[in-house]
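Asks: pasting the structure only:
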């Protein structure tokens with residue numbers, strides 16, 4: 001079997017970096033030691049780079065469970081997901097009912113803190129079959145995105161194998177971003193893609209469900225400066241806002257245009273983001 005050279009992310013994730021990869025590539029350090037990504041999400045940059053040594057982290061337990069299962073139980077994961085895919089009816093009305101049944105099953109696993117191969121497979125299935133590929137949970141932690149009417153398969157076998165191999169070279173963590181980089185040292189590369197500051201900074205309400213408030217952004221900025229003092233190579237992405245410019249004053253801040261296709265409001269699908277680095281022009 002031919003293995004995909006550069007695997008694609010298994011799931012679509014809000015704030016994914018696929019569309020920024022070319023501009024991130026242009027700003028990567030020429031060489032570095034260990035790779036760190038404290039807010040892994042869909043992992044677009046991680047899978048693109050496929051570092052030989054890496055520590056990756058995310059606070060979302062279901063997401064890290066998915067990566068652990070794909071890494072450690074690849075064949076079983078593929079079998080379970082294939083069975084879920086294979087059972088979807090061809091009739092669209094029945095397929096819709098099937099999606100909501102799978103969504104309910106997934107939510108039951110989440111609410112009981114059950115993180116198994118089935119949980120991981122269901123996560124991929126609903127991500128590929130939900131509206132706009134948006135992973136969103138309500139205040140009770142239940143996934144609540146409606147069906148997108150798709151009957152397509154949830155994965156590509158070659159890509160899933162390549163993802164498993166890339167994850168096999170990484171240490172996976174599920175916890176606070178500071179803990180994820182506690183052992184980063186001079187010459188290591190840290191890529192920060194945290195939950196974004198709202199474009200309108202009058203409220204952080206949309207981010208409270210993720211537990212990432214303005215105080216967390218300030219804590220992240222303090223960590224950025226601490227890692228800079230250690231000699232680590234740093235890159236951070238976020239919305240182009242006054243708060244971000246304040247927090248990272250003194251570093252190189254490049255403004256880039258982006259399309260936000262995952263936003264359900266078409267008027268908010270275009271904007272600017274920043275790429276903040278501590279090693280360019282030095």
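Replies: Noted; the coordinates are in hand. Please read all numbers here as calculations on a predicted model, not as lab measurements.
Asks: surely residue 272 forms part of a strand?
Replies: Yes. When the secondary structure is assigned by DSSP: H, G, I helix; E, B strand; the rest coil, residue 272 falls within a strand.
Asks: okay, now it: neighbour count?
Replies: The number of residues packed around residue 272, counting by other C-beta atoms under 10 Å, is 12. Using the backbone N, CA and C atoms, a C-beta is placed for each residue, glycine as well.
Asks: now do the contacts for it.
Replies: Residues in contact with residue 272 (C-beta atoms under 8 Å, 6 or more residues apart in numbering) are 239-240, 255-258.
Asks: what residue ranges in the stretch 51-200 of the chain score low on pLDDT?
Replies: The model of the stretch 51-200 of the chain has pLDDT under 70 over residues 200.
Asks: quick one: the strands in it?
Replies: Along the stretch 51-200 of the chain, the stretches classed as strands by DSSP state E, counting those that start in this stretch are 54-57, 170-173, 189-192.
Asks: re earlier: so which of the contacts of residue 272 belong to helices?
Replies: Cross-referencing these with the helices (criterion: DSSP state H) gives no overlap at all.
Asks: and the residues you listed, which two are the farthest apart?
Replies: Put simply, by C-beta to C-beta the two of those set farthest apart are 239 and 257, 12.4 Å from each other.
Asks: with respect to residue 83, which of the strands of the stretch 51-200 of the chain lies nearest?
Replies: Distances from residue 83 to each of the strands of the stretch 51-200 of the chain were compared using C-beta to C-beta; the shortest belongs to strand 170-173, at 25.1 Å.
Asks: in TSV: the strands of the stretch 51-200 of the chain, plus distance to residue 31 and mean neighbour count.
Replies: Listed next are those as TSV, based on distance: least, C-beta to C-beta, whole Å; neighbours: other C-beta atoms under 10 Å:
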stretch	distance to residue 31	mean neighbour count
strand 54-57	15	22
strand 170-173	19	18
strand 189-192	9	23
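Asks: what about residue 143, distance to residue 122?
Replies: Summarising the geometry, the distance separating residue 143 from residue 122, computed by C-beta to C-beta, to the nearest Å, is 9 Å.
Asks: what residues do the two have in common as contacts?
Replies: Jointly contacting residue 143 and residue 122 under the rule C-beta under 8 Å, 6+ apart are residue 106.
Asks: neighbour-wise, which of those two wins?
Replies: Between residue 143 and residue 122, counted using other C-beta under 10 Å, residue 122 has the larger neighbour count: 26 against 20.
Asks: please verify my assumption that the more buried one contacts residue 104.
Replies: No. Taking contacts as C-beta atoms under 8 Å, residue 122 lies outside contact range of residue 104: 10.1 Å.
Asks: give the contact list for the closest residue to residue 12 other than its chain neighbours.
Replies: What sits nearest to residue 12 in space, not counting adjacent residues and going by C-beta to C-beta, 6 or more residues apart in numbering, is residue 133, at 3.4 Å. Counting by C-beta under 8 Å, 6+ apart, residue 133 touches 11-12, 127, 148, 262.
Asks: let me know the closest of those to residue 49.
Replies: The shortest separation between residue 49 and any of the contacts of residue 133 is 18.4 Å, and it belongs to residue 11 (by C-beta to C-beta).
Asks: follow-up on the earlier one: pull the most distant pair out of the contacts of residue 133.
Replies: 11 and 148 (13.7 Å).
Asks: anything in contact with each of residue 239 and residue 257?
Replies: Overlap between the neighbourhoods of residue 239 and residue 257 consists of 271-272, taking contacts as C-beta under 8 Å, 6+ apart.
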